[in-house]
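Chemist: the sequence and its predicted three-dimensional model are supplied below.
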Amino acid sequence: MSHWNYIVVCLSLLLLAVLLWWEIRRVNKARLVGRVIATILLVAGLAAIALPITYASRSTTGHREGVFLTEGYDPDSARIYLSSGAEVKDLKDLHVSALHVLGYGLTEEERAIVPDIPVLFHPSSMHTGIVSLHWIRELLPGQACRIQGSFYNTTGGPVKLLLFGISSLLDSVEVRSQEEAFELKTIPVQADRAVYRLAVVAGKDTIEQESIPVKVLEARPLKILMLAASPDFENRFLAGWLSEKGHSVVVRTAISKDRYDHTFLNTSAMAVDRLSSSLFDKFDVVIADAAELRATGPAEHAALWNTIAEKGLGLVIKSDTLNLSLDSVRMYGSGKIMVTTLHTTYARLLAGERKEYAALWTRILQQAVREREVTERWHFSPALPEVDHPVNVLLQTAASMPQGWLEERNDDDGSFVNLYLAQHPFLPFSWSGIYWPRRQGWQAMHTPKGEWRWWYVWKEGDWKNIHRLERLKGTQRWIATRGERKGAVTEGGEVHRLLVPKIWFYLLFVLSGLFLWVERRI
């Protein structure tokens, strides 16, 4: 019995106890037995509607069973089942007592048209390859691209996963066990869009090659205030790197009590000796030494924390203790506070590790900075769309009545296709539609007044193992929700569990409720 069944049974018993107590304590004891029976039938009918109630059905040897072959089926298993059953070509026209499914299972469209008959699934074994994958497809400049996933290895030996850029190997990892998690990492150096290549190699054989699209977003200039407790190399190199990336930087360095040195990079001079809410409103992020924060007065301290909570100002604290982790991030009102214990990151610049330095501080600033307000949010599903397969397009926008069309642009010919969106009946900010991509590669969507939103489409046949595993698990979940199990062979034939039609339980619930309603008015 599943967790859902336990929940339904427990709630039904509780409801039955309450209703029976209500009926028994009534002053009018007339027709008490009938009311109790009707109450029990009422609750039983309600529970049966929610539960998968089944009954045993024995299929004799004279009944014909169907065999449906899907991708990846085993030929030997197919011959065995076809020797005693008929092959099914069309799921819409089934005249069989039970259906055997061989291979990696049914697609969502195929599962929707199968009638209410026993379905027995005989899944095939997975092949060597990537079975799950995730990466962030839109990155900030300097942000590391981490490709994480799971690999299924049936070769019995080591398998290498290689990540290639345009003309060079960027990262690699070796998988030895049968099922193992992996991670590949690189820091994009290009701007805008790029497509990496992920190759799976066993010995001299290339088992799989896939495309990894990544888009580097346009750098967002930030206004940064740095509060240093004393002059040091860390703040000096950090301020210089931030200014090189186009950020506006103001550095206030304490040289003695109430005396400060000032540096203004990519911005005009301003008064920063006294900290106030009006001053903090001019910045996106404050990077402060912990000692300098402790030295601020009560009024300055209150102004900083109020701006963080109310205006979403980001704060990066360079702690002078080791009891706080590097990635200690927490929300404070509408702002975020990050704590770092790193004080010698400038050594990476001196060692020529500019990409690693950029990735580190990009991640720190990304976690602390206030998020930019966006007027449109696009979502595309499935996560790995294919050519000539439907893609669900979801647009979330604050516009009260956006024009219900989009444009899709292909890199090759620049053609445009209108896509009309339907508004959600209960969520007025949500609009959705279905699009069938016609070409592989980058696609662009936008509303008439919105920005381009780029997304990628793979050719049919890419990511085979991921799609196979999704179909296999989807078929298993679908069979489980139908309340079926594999039949048991007896002397009289094969016994299957069939669902009792819900209409009988609806009738039982309605008639019992009608009796109790009429009885109170007699």
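Modeler: Here it is on my side, so go on.

Chemist: hey, which helix or strand in the chain has the poorest pLDDT?
Modeler: Least confident element among the helices and strands of the chain, by mean pLDDT, DSSP states H and E: strand 488-490 (a mean of 38).

Chemist: in stretch 374-384, what counts as buried?
Modeler: If you call a residue buried by 16 or more other Cβ atoms under 10 Å, then stretch 374-384 has these buried ones: 376, 378, 380, 384. For glycine as for every other residue, the C-beta is placed from the backbone atoms N, C-alpha and C.

Chemist: show me what contacts the second one?
Modeler: For residue 378, the set of contacting residues under the criterion of Cβ atoms under 8 Å, 6 or more residues apart in numbering consists of 393, 394, 395, 445, 453, 455.

Chemist: swap the cut-off to 10 Å and go again
Modeler: 393-397, 406, 445-447, 450-451, 453-455 (Cβ atoms under 10 Å, 6 or more residues apart in numbering).

Chemist: ok, so of the residues you listed, who is nearest residue 278?
Modeler: For those, the closest approach to residue 278 (Cβ to Cβ) belongs to residue 451, at 31.9 Å.

Chemist: which SS class is that closest one?
Modeler: coil (DSSP: H, G, I helix; E, B strand; the rest coil).

Chemist: how many neighbours does it have?
Modeler: 11 (other Cβ atoms under 10 Å).

Chemist: repeat that for residue 278.
Modeler: 9.

Chemist: that one belongs to a helix, doesn't it?
Modeler: Yes - membership of residue 278 in a helix is supported by three-state DSSP.

Chemist: list the contacts of it.
Modeler: 303, 307.

Chemist: so it versus residue 271, what's the distance?
Modeler: Distance, residue 278 to residue 271, using Cβ to Cβ, to the nearest Å: 10 Å.

Chemist: do residue 499 as well
Modeler: Taken as Cβ to Cβ, the span from residue 499 to residue 271 is 76 Å.

Chemist: of these two, give the one with the bigger neighbour count.
Modeler: residue 499 (14 against 8).

Chemist: residue 455 against residue 382, yeah?
Modeler: No - under the criterion of Cβ atoms under 10 Å, residue 455 makes no contact with residue 382, lying 11.7 Å away.

Chemist: so what sits against both of the two?
Modeler: In contact with both residue 455 and residue 382: residue 391, using Cβ under 10 Å, 6+ apart.

Chemist: regarding residue 317, what is its secondary structure?
Modeler: strand.

Chemist: make 679 the first number, not 1, from now on.
Modeler: Will do, 679 is the new start, and the previous item becomes residue 995.

Chemist: tell me which residues are up against the strand or helix carrying residue 744.
Modeler: Residue 744 is part of strand 743-747 when elements are defined by DSSP states H and E. Residues outside strand 743-747 that contact it (Cβ under 10 Å, 6+ apart): 737, 751, 753, 755-756, 758-769, 772-781, 783-784, 788, 792, 795-798, 800, 1165, 1172.

Chemist: any stretches of the stretch 779-928 of the chain with poor pLDDT?
Modeler: Along the stretch 779-928 of the chain, segments meeting pLDDT under 70 are nowhere present.

Chemist: which residues in it form helices?
Modeler: If DSSP state H, counting those that start in this stretch is used as the criterion, the helices of the stretch 779-928 of the chain fall at 786-791, 911-922.

Chemist: the stretch 1029-1178 of the chain too?
Modeler: Using DSSP H, counting those that start in this stretch, helices in the stretch 1029-1178 of the chain cover 1032-1046, 1142-1159.

Chemist: tell me what angle the shortest one forms with helix 911-922.
Modeler: So the one you mean is helix 1032-1046. 90 degrees (axes from the mean of the first three to the mean of the last three Cα atoms, to 10 degrees).

Chemist: help me confirm that residue 683 is found in a strand?
Modeler: No - under three-state DSSP, residue 683 sits outside any strand and is assigned helix.
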